[in-house]
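Chemist: Below are the sequence and a predicted model; questions follow.
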There are 2 protein chains.
Amino acid sequence: MRIILDGMGGDNAPADIVEGAVLASKEMEHEIVIAGDEALISAELSKYKYDKSKVTILATTEVITTAESPTKAIRTKKDSSMVRGMQEVKDGNADMFLSAGNSGALLAGGIFVIGRIKGIDRPALGSTYPILGSGIALLVDAGANADVKPGNLLEFAYMGSIYMKEVLGVKNPRVGLVNLGTEPGKGTKILKDAYPLLENSGQKKLINFVGNVEGRDVPFGEADVIVCDGLVGNVILKLTEGLALSILSLLKQKFMTNVKTKLAAVMLGKQMGEMKKEFDYSEYGGAPILGIKKPIIKVHGSATANMVKSGIISALPYIEKDVVGTITEHVKELKAIEEEQKEEQTEEQNKEEISS
Amino acid sequence: MRIILDGMGGDNAPADIVEGAVLASKEMEHEIVIAGDEALISAELSKYKYDKSKVTILATTEVITTAESPTKAIRTKKDSSMVRGMQEVKDGNADMFLSAGNSGALLAGGIFVIGRIKGIDRPALGSTYPILGSGIALLVDAGANADVKPGNLLEFAYMGSIYMKEVLGVKNPRVGLVNLGTEPGKGTKILKDAYPLLENSGQKKLINFVGNVEGRDVPFGEADVIVCDGLVGNVILKLTEGLALSILSLLKQKFMTNVKTKLAAVMLGKQMGEMKKEFDYSEYGGAPILGIKKPIIKVHGSATANMVKSGIISALPYIEKDVVGTITEHVKELKAIEEEQKEEQTEEQNKEEISS
C-alpha cells in the first residue's frame, strides 16, 4: 500500500511530519509518500537513516495555510501538497491521505476532490474523545456540519459505528445520541425525528443504539460512538479541552499553596504526568473524514513526530478493513430506514387530515 | 416583602427546606411563607427557635413530584405547593417564589400561572456556571428551550445581562454567543442570524456583546453571560458536571496508587476540599426563570439547608432591583432590533430579485 502524507500542513511541518513518516516506515512495510516542497522535505529526510524505497517525495509547489478560506484554497491551489495528495488517492495511485493542515480545506477537498459516497448526504469529521481511565470514544460530527437533518445523524451513527469497530477495535460499539434528557421524546425537533431512525437501525442490527445520552454521561463512556451535530460536537470537544486545562491549572495553583503542598506535588509527579496525558485527546491518533470515497485522515494541527507516526499506524485498518466499502454497501439500508419513516409520517398526516 | 418557598419540592424536602427558611429568616427582615403539608412543615419547624411572625405556613394538600409531566401537573394539581405558591406571587400576595422541585413544572407554572412578560417569546432558565478560581458566569438558556429562533437568543442575552448585573453584581457583563468558531459568519443558520442582532444591541448599549465564544473559552470566563439554545446549554452544564466528577474520581484513583501518593493526598486534603467546592455550581445560589412577570427561582434539587438559605438571600435583588421591570421596559427596543433586521433582509432579497 501507499500512504500519502501532507508534508506542509500543521504547526510543526515539515520537520515533525517527515520524522513521523520515517518512524512509521520502520514499523510497517507500506510505502510513505510525503507531498510538499522537494528541497525542504529532502533536507529534513537527510537527517535520518531510512529505507529510500519506503519513504519518497511527491514534489508540489503550493501550500494551503490554516488562515485560508477552505473551499477557495482547494479550488485555486491545484499544485498544493493537500490537493495533489488527495488527487493521488482519488486516481488510485495511493490508498490513504493524512494531513495536519487546514481542517476545513481537508474537508472541502474530501468532498470536492475525493467525492462523497453515493447516498451519504453529509460527510462528517470523527474525533476520538478520551474516556478518563478507560480508553476512548468516537465523536461524530466533530464540527463539519453545524446544521443537520435527522437522516444525517443516522449516517453519522452508522459511519462512526463501523469506524469504531474496524479501526478502533471496539466490538459492537454502543451508539448514543447526545440530548438534554434520556427519554426518547426529548430535545429539538431534529433530535426527536432522529431518535426513531437510530432506534430502527438498531433493531435492524446496523448499529447498537443505546438511546439518548446526556452531557454528564459522555465523559463516563456511556457510549462508544457519540452522535451529534457539528455545533454540539465542537462544543463538547472544546469544552472538554478547556475544562481539562482550567482544572489542571487550578490544581497547579493548589499545589503551590505552601511548602507542604509543594512537597505533595513532587510526590505525585508521575501520577500527574499520567493524568495530563489521559486528557490529551490528540494522543489518540487521527480524525477520519467519514462518508467520502477514500480514507482521508486529519492529524492534530500541533502533532509531534510520534503523533504523526501513531496517526499513520493506527489508521491503517481504515484501508485494510475497507471501511469505505462497508459504508458504501450499507447506504441503501440507511436510506430505506429514512424512507420508511417518511412513509409513516405521511400516513399519520393523512389519517389526521381525514379525522379532522 | 414576602417570599414563598415550596416546602415539598426537592430531594431533601421538607426537612432542609424548612431549616433553610429558618436560617434565612435570621439574616433578613422579610417574611418567609412555606407552602406545603401543614402537619409535616409544622413538625419540622418545631425543631427550631425562630421568629413566628417571620416564618409562616401556607397549607396545601397536593405535591408535584419530579416524575410527573410538567404541564399536566400544573394544570391538574391546583392545590399543590407549587401552583399555590406561584398563584400567591401572581396575585400580589408575595414577591418571589422558590422551589427545589420539578424544573419542568416550575417552568410550565412560570408560563401558565405567572405569565410571560409581554413581548418575550420564550422564557429561559438561567444557571450559574463556575469559573474555576475566579467566580461565576450565567448560562442562558440552561435547558428550557431546545429549539430557538435568533430573536430568542437576543432575549436570552438581554435578560441574562440584566440579571447578571443587578442580582449577581457584575458591572457591564460581557455577553458571548456559544459557537464553533469566533468569526461572525460561523455556525448554524440560527447563530449566523443571531450574531448581528446581538451586535446591534451591543451598539445600542443594551448589552456588552463580546462576540462568539467557543467551548474552550467557557470555563475560562471569557464571557459573564453565556448565550445558547437549551440543548447546547444543557450539554455545557451537564458535561461540566460529568467531567468534574470523572476527573476528581481519576485524581482519587491516582492518590491511591501507593503509600507515597496516599501520603501526598493527606497533605493536600484542605486544598482538594476547596477544589471540589469550586466545581459545585449548585453552591452558587438558585437559577432564575427569566422572561416571566414575577421572580421565580429554581433551587437545586438536592439543595441542603444552607443552599436553600443562600438561594433565598442571593435572589433578593431579583425583587429589590426590579429586574422584571427593567426587562419589561426594554422589550420594545429588542423587538425594534429584530424588526430592523427583518427589514434589511427583505430589502436585500428585493435587490437580489431585481438584479437577477
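Modeler: That came through fine.
Chemist: mind listing what's buried in the lowest-mean-pLDDT helix or strand in chain A?
Modeler: Lowest by mean pLDDT, DSSP states H and E among the helices and strands of chain A is helix A:269-279, with a mean of 82. Within helix A:269-279, the residues scored as buried using 16 or more other CB atoms under 10 Å in any protein chain shown are A:271-272, A:275, A:278-279. (Each C-beta comes from the backbone N, C-alpha and C, glycine too.)
Chemist: any chance you could map the helices in the stretch 201-350 of chain A?
Modeler: A:230-255, A:259-267, A:269-279, A:305-320, A:323-355 (DSSP state H, counting those that start in this stretch).
Chemist: Low-confidence ranges, the stretch 201-350 of chain A, go.
Modeler: Across the stretch 201-350 of chain A, the ranges flagged by pLDDT under 70 are A:280-284.
Chemist: Name the next helix or strand downstream of the longest strand anywhere in chain A, please.
Modeler: Longest strand of chain A, by residue count under DSSP state E: strand A:124-131. Of the helices and strands lying after strand A:124-131 in sequence (DSSP states H and E), the nearest is strand A:135-140.
Chemist: elements contacting the helix or strand where residue A:17 lies?
Modeler: Element membership of residue A:17 [criterion: DSSP H and E] is helix A:15-25. If contacts are counted by 3 or more CB pairs under 8 Å, 6 or more residues apart in numbering or on different chains; DSSP states H and E, helix A:15-25 sits against strand A:2-6, strand A:31-36, helix A:38-45, strand A:55-59, helix A:305-320.
Chemist: Output those as TSV; include the columns distance to chain B and mean neighbour count.
Modeler: TSV is the format used below for the helices and strands packed on helix A:15-25 (distance: least, CB to the nearest CB, whole Å; neighbours: other CB atoms under 10 Å in any protein chain shown):
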stretch	distance to chain B	mean neighbour count
strand A:2-6	22	27
strand A:31-36	27	25
helix A:38-45	30	17
strand A:55-59	31	18
helix A:305-320	20	20
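Chemist: out of these, nearest to residue B:21?
Modeler: helix A:305-320 (56.7 Å; CB to CB).
Chemist: the inter-axis angle of the closest one versus strand A:2-6?
Modeler: Helix A:305-320 and strand A:2-6 are oriented at 140 degrees to each other (axes from the mean of the first three to the mean of the last three CA atoms, to 10 degrees).
Chemist: Now do the nearest residue in space to residue A:65 that is not next to it in sequence against chain B, distance only.
Modeler: Sequence neighbours aside, residue A:102 is the residue nearest to residue A:65 in space, at 6.8 Å (criterion: CB to CB, 6 or more residues apart in numbering or on different chains). Residue A:102 is 13 Å from chain B, where distance means CB to the nearest CB, to the nearest Å.
Chemist: Now do the domain split for chain A, please.
Modeler: A:1-115+A:292-321, A:123-253+A:280-286+A:324-356 (automatic domain parsing).
Chemist: I'd like the ones you listed written out as JSON lines, with distance to residue B:148 added.
Modeler: Shown next, in JSON lines, are the domains of chain A (distance: least, CB to CB, whole Å):
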{"stretch": "domain A:1-115+A:292-321", "distance to residue B:148": "26"}
{"stretch": "domain A:123-253+A:280-286+A:324-356", "distance to residue B:148": "9"}
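Chemist: Out of the helices and strands packed on helix A:15-25, which gets nearest to residue A:73?
Modeler: With distances scored as CB to CB, the stretch of the helices and strands packed on helix A:15-25 nearest to residue A:73 is strand A:2-6 (12.8 Å).
Chemist: for the record, mean pLDDT for that closest one?
Modeler: For strand A:2-6, mean pLDDT rounds to 98.
Chemist: Mind giving me the packing neighbours of it?
Modeler: helix A:15-25, strand A:31-36, helix A:81-90, strand A:96-99, helix A:305-320.
Chemist: Would you mind giving the ones you listed as CSV with distance to residue B:114 added?
Modeler: Formatted as CSV, those follow (distance: least, CB to CB, whole Å):
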stretch, distance to residue B:114
helix A:15-25, 60
strand A:31-36, 64
helix A:81-90, 57
strand A:96-99, 55
helix A:305-320, 55
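Chemist: quick one, which of the ones you listed is nearest to residue A:48?
Modeler: When those are compared (using CB to CB), the closest one is helix A:15-25, at 4.6 Å.
Chemist: who touches the closest one?
Modeler: When contacts are defined by CB atoms under 8 Å, 6 or more residues apart in numbering or on different chains, helix A:15-25 is touched by residues A:3, A:5-10, A:32, A:34, A:41, A:44-45, A:47-48, A:50-51, A:54-55, A:100, A:303-309, A:311-313.
Chemist: That one versus strand A:31-36: what angle between them?
Modeler: 170 degrees.
Chemist: Distance to residue A:24 added to the helices of the stretch 201-350 of chain A, as JSON lines?
Modeler: What follows is the helices of the stretch 201-350 of chain A, written out as JSON lines (distance: least, CB to CB, whole Å):
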{"stretch": "helix A:230-255", "distance to residue A:24": "26"}
{"stretch": "helix A:259-267", "distance to residue A:24": "36"}
{"stretch": "helix A:269-279", "distance to residue A:24": "21"}
{"stretch": "helix A:305-320", "distance to residue A:24": "4"}
{"stretch": "helix A:323-355", "distance to residue A:24": "20"}
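Chemist: Can you say which of those is nearest to residue B:257?
Modeler: helix A:269-279 (5.8 Å).
Chemist: could I get the helices and strands packed on helix A:15-25 as JSON lines with distance to residue B:181?
Modeler: Output for these, formatted as JSON lines (distance: least, CB to CB, whole Å):
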{"stretch": "strand A:2-6", "distance to residue B:181": "22"}
{"stretch": "strand A:31-36", "distance to residue B:181": "27"}
{"stretch": "helix A:38-45", "distance to residue B:181": "30"}
{"stretch": "strand A:55-59", "distance to residue B:181": "31"}
{"stretch": "helix A:305-320", "distance to residue B:181": "24"}
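Chemist: one step back: and the helix holding residue A:17, average pLDDT?
Modeler: The model assigns helix A:15-25 a mean pLDDT of 97.
Chemist: Alpha carbons only: can I get it in CSV?
Modeler: Extracted C-alpha coordinates of helix A:15-25, given in CSV (Å, rounded to 0.1, in the frame of the first residue of the first chain):
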residue,chain,number,x,y,z
ALA,A,15,10.1,18.7,10.4
ASP,A,16,7.8,16.6,12.6
ILE,A,17,5.8,15.3,9.6
VAL,A,18,9.0,14.0,8.0
GLU,A,19,10.3,12.5,11.2
GLY,A,20,6.9,10.9,11.8
ALA,A,21,7.0,9.3,8.3
VAL,A,22,10.4,7.9,8.9
LEU,A,23,9.4,6.5,12.3
ALA,A,24,6.2,4.9,10.8
SER,A,25,8.2,3.4,7.9
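Chemist: chain center to the least confident helix or strand of chain A, what's the gap?
Modeler: Averaged C-alpha coordinates place helix A:269-279 at 24 Å from its chain's average position (CA atoms, centre = their mean, to the nearest Å).
Chemist: any bit of that helix sitting next to chain B?
Modeler: Yes: judged by CB under 8 Å from any CB of the partner chain, helix A:269-279 and chain B are in contact via A:271-272, A:274-275, A:278.
Chemist: what about the residue nearest to residue A:65, distance to residue A:71?
Modeler: 11 Å (CB to CB, to the nearest Å).
Chemist: Which one's more surrounded, those two?
Modeler: More crowded of residue A:102 and residue A:71, by other CB atoms under 10 Å in any protein chain shown: residue A:102, with 27 against 15.
Chemist: Look at the residue nearest to residue A:65 and report its pLDDT.
Modeler: Looking at residue A:102, the pLDDT reads 93.
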